[in-house]
Structure formats: C-alpha cells, structure tokens
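Any chance you can model this:
(chains A, B and C)
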Amino acid sequence: MQPTPPRSEQELFQRSLALAGHSLAELAAQAGVSLPDNLKREKGWVGQLLEWHLGATAGSKPEQDFPELGIELKTLPIDESGRPLETTFVCVAPLLGIAGQRWEECSVRNKLSRVLWIPVEASRTLPLGQRRVASPFLWSPSQQEEALLRQDWEELMEQIALGHIEQISARQGQVLQLRPKAANGRALTSAIGRQGQVIQTRPRGFYLKTGFTHALLRHHFLLG
DNA sequence: GGTTGATCATTC
DNA sequence: GAATGATCAACC
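Numbers count the residues shown, from 1 in each chain, chains lettered A, B, ... in the order given. Here you go, the predicted structure:
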C-alpha cells in the first residue's frame, strides 16, 4: 500500500533519503508494479514510481506534488559521473493573455520555489531495474539563480507577447529554454502571430538546461 | 556527443 | 486540448 502523504518537509525528505541507494527493481517490487522493458513508451515511469513511494497524490492535477508542503518533486536522470542526462521540464508556457505578466507570479517561479530533487541513475546502458536512486536534496533558488531564471523568462515571455514565438530557438536562454511540449507534432494551441493576430502553433514548455541542473548537483555534493 | 524537436501514457 | 510524469532519437 502506498505511504500516506508526508506531513512535513522534514518527513518528506527523510522518506526520500530512505530511497537512496535502492534499485528501481526493488522499488517497483515494493510498489507492486512491473518493470517495463524500457522507458520508450512510459517516459514518466520513474517519476511516478518515486511519487508513489513518497506518498504524493497521483494524477495530473495542475498543482505541486505536495501542495500542502509547497514542494515540487523532480527526478533528475544522471550518468555515471553524476551529470544530468536530460533537460528538466518545468511547466507549460502561457502563450495568450500574457500582457503584463510578472515574474513574481509566474508558474516557473512558483514551481521552482521549493524542489525536492532526486537524482536517479539513467545511463541507457544500465538496465532499468539496476538503476539506483541517488542522494536527494531540497533546493530553493539562490538570488543569483533566480536572477538568471528571471532574465531568461522575461526575455522569452516578451518575445511571445510580441508575436515572435516562431523565432524563439531552444538555444536561447542561459538556464531556461523554450521547446515544444505536446503529445506530438500535430498538437496545436493558440498564440500571438507576427501581426498580433491569433495563430496556431505547437504548445511550448519551459525546460531547465542541463548546465543549470548540473550546477545544482555540484553545489550540493561538492559544497553541500 | 550534445541539442532540438518529437513523442508516449494517463487523466480530466 | 491541457495538464501531469518525462525520455527518445534524428540531426547538427
């Protein structure tokens, strides 16, 4: 049976510490789920497995994983050297009704205000069941980190508001990037076009670049 | 080898 | 379609 929701940040963190060092095969067995052959068709499997173990309310609710604690859970796939293997999805980017949007109340800032990062071994050469959970850590952005995020966010949002979304490259941004986020390439949503008209475009999401999450890992494990 | 755009499952 | 959880894999 699934653990009850944690009642405090400390309790949540203690539970996540208890997962460290365990393999995904062990954790799957405890949860009573079978290991997929690969993640090709179940890309969120690891994240959902850890949610189960930590007592997160499952589902696709548009809120933090632990709303009563104000904490977002993020698994971070790492290689054998402890480097992130993937960018980290933050949230969908709003494309309409964004005039006057302020960093202070945007979803990027809200999502990242408090994050429980759980690194997980994810080298493709390592069979899924043998991958282990690494040491988790709680994080809130430093002033410097927030300044970087804010700068990228404001730049990207201004371009979106000005109708320049199709000119935005994923290369843009020091720490935050904008990329498609959808079921497939045919999914469409409304956005602002070059002449200010409403156009249809692929939904976009904000992602943390690996350089940023790598720095978080370094700071945590080197400087601690 | 790293990045960018595409994609998968599920729920509502 | 939009939200949750992300990784895949073609391409530069």
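
is stretch A:128-138 anywhere near DNA strand B?
No: using CB under 7 Å from any atom of the strand, stretch A:128-138 stays clear of DNA strand B, coming no nearer than 14.8 Å. For the C-beta atoms, the positions are set from N, CA and C on the backbone; glycine is no exception.

Ends of that stretch, what's the gap?
Start-to-end span of stretch A:128-138 (CA to CA, to the nearest Å) is 25 Å.

Pull the residues that contact the helix ranked longest in chain A.
Scanning chain A for the longest helix, with DSSP state H as the assignment, gives helix A:143-161. With CB atoms under 8 Å, 6 or more residues apart in numbering as the test, helix A:143-161 has contacts from A:93, A:95, A:98-99, A:101, A:103, A:106, A:108-109, A:112, A:141, A:165, A:167-168, A:172-178, A:191-192, A:206, A:212.

what's the helix or strand for the residue located most distally from the centre of chain A?
In chain A, the residue that sits farthest from the middle, by CA atoms, centre = their mean, is residue A:195; the gap is 33.0 Å. Here residue A:195 sits in a region with no helix or strand, counting by DSSP states H and E.

how about the residue nearest to it when sequence neighbours are not counted, what does it touch?
Nearest residue to residue A:195 in three dimensions, chain neighbours excluded: residue A:163, at 7.0 Å (CB to CB, 6 or more residues apart in numbering). Applying CB under 8 Å, 6+ apart, we find residue A:163 in contact with A:192-196.

what number of residues lie near residue A:165?
By the measure other CB atoms under 10 Å, the count of residues near residue A:165 is 21.

helix or strand for the nearest residue to it once chain neighbours are set aside, which one?
In this structure, residue A:165 finds its nearest non-sequential neighbour in residue A:191, 5.2 Å apart by CB to CB, 6+ apart. Take DSSP H and E as the rule and residue A:191 turns out to sit in strand A:189-192.

Which ChimeraX command selects the buried ones in the contacts of residue A:163?
Those of the contacts of residue A:163 that count as buried under 16 or more other CB atoms under 10 Å are selected in ChimeraX with:
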select /A:192
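
quick one: the residue nearest to residue A:165 and residue A:95 touch, right?
Yes: in terms of CB atoms under 8 Å, residue A:191 counts as a neighbour of residue A:95; the distance is 3.9 Å.

which residues do these two both contact?
Contact with both residue A:191 and residue A:95 is made by residues A:160, A:165, A:201, according to CB under 8 Å, 6+ apart.

Turn those residues into TSV, including distance to DNA strand B and pLDDT.
Converted to TSV, the shared contacts of residue A:191 and residue A:95 look like this (distance: CB to the nearest atom of the strand, whole Å; pLDDT from 0 to 100):
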residue	distance to DNA strand B	pLDDT
A:160	14	95
A:165	12	95
A:201	10	94
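
Show me the shaky parts of chain A.
Low-confidence segments of chain A (pLDDT under 70): A:58-60, A:62, A:224.
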